[in-house]
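Q: requesting a structural model of the entry that follows:
(chains A and B)
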Amino acid sequence: MNILVRYQGSTATLSPTGFIDEYTANDFREKLNELIDSGVRTVELDMAGVDFMDSTGIGVLLSRYKIMKSKGITMQLSHCNRQVDKLFRLTGIYSIIATR
Amino acid sequence: MEISNYCNMFLSGTTANVAFARSTVAAFCAPLEPTLEEINDVKTAVSEAVNNCIVHGYQGTSGEVHLEILLFEAMAQVTVQDYGCGFDNIDEAMQPFFTSKPQDERSGMGFTLMQAFMDEVEVRSEVGKGTTVVMRKRFGQNA
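A: Numbering: from 1, shown residues only, chains lettered A, B, ... in the order given. Model prediction:
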């Protein structure tokens, strides 16, 4: 899994590519942890390059979202493919994390 | 129902094999011409089932995952089996958001997603002997 991070002012855009499952989840978690500690106020998750995610990714996403929210950091999701979109709809992610 | 094709394999229960398992099942189902959404559903369910074997069945110890795929005229049956610790309360384990490992940031959605993405899911488990999940998906229902 490759994860590109771009910074613009107080916003960081995280663009993972590949799949997010048990094998790759720790890379995803670590990159989100880096952003939590970086001082940004908004984290945009551009999911365009993610071709597959399962519930392991959901667990990482929700736990990091809670930490970010407690620190006043906004998380936003964008460009989810059909598989990820269906996963997010079924698990209620869209009612918790904003999309743009 | 007549079986048109089948596949049986044993995988080392390592996280690197989760992607291999779901991709293998997807490729094997291709002759039934599933839609992209149908095949994504199967891949998601297989990923959840194999994850469970590794994370909950073997809990960091080594072990094998048995994967069986049976193809019928317009349906695939996928069986995912481990020989790990097993569990005794299937109803509790299948509740949404239930996880035996909350400290590991688990979503507890594994069985819920299997049920949501497949047409039928059967779970059998015995403490000390392992867990078997049988999932069926019919293709072409939305044509």
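
Q: only C-alpha atoms for contact and neighbour calcs from this point on.
A: OK.

Q: so what does the helix ranked longest in chain B touch, helix or strand wise?
A: Criterion DSSP state H: the longest helix present in chain B is helix B:36-52. Counting by 3 or more Cα pairs under 8 Å, 6 or more residues apart in numbering or on different chains; DSSP states H and E, the packing neighbours recorded for helix B:36-52 are helix A:82-91, helix B:16-29, strand B:75-82, helix B:110-117.

Q: what about the longest one, near chain A?
A: Yes - contact of helix B:16-29 with chain A (Cα under 8 Å from any Cα of the partner chain) involves B:Ala16, B:Val18.

Q: mind checking how far that helix is from the chain centre?
A: On the basis of Cα atoms, centre = their mean, to the nearest Å, helix B:16-29 sits 11 Å off its chain's mean C-alpha point.

Q: name the nearest residue to B:Gly108, ignoring sequence neighbours.
A: With Cα to Cα, 6 or more residues apart in numbering or on different chains as the criterion, B:Gly108 has its nearest non-adjacent residue at 4.0 Å, and that residue is B:Phe97.

Q: burial of the closest residue to B:Cys53 other than its chain neighbours, as a residue count?
A: The spatially closest residue to B:Cys53, leaving aside those adjacent along the chain, is B:Asp82, at 5.5 Å (Cα to Cα, 6+ apart). Here the neighbour count serves as a burial measure; for B:Asp82 (other Cα atoms under 10 Å in any protein chain shown) it reads 27.

Q: can you tell me how far B:Asp82 is from B:Ser100?
A: 17 Å (Cα to Cα, to the nearest Å).

Q: helix or strand: which one has A:Asp51?
A: Using DSSP states H and E, A:Asp51 falls within strand A:50-53.

Q: list the contacts of that strand.
A: A:Pro16, A:Thr17, A:Gly18, A:Phe19, A:Ile20, A:Asp21, A:Cys80, A:Asn81, A:Gln83, A:Val84, A:Leu87, B:Thr44 (Cα atoms under 8 Å, 6 or more residues apart in numbering or on different chains).

Q: what lines up beside that strand in the sheet?
A: Here the strand partners of strand A:50-53, with direction, are listed using DSSP bridges: strand A:11-20 (parallel).
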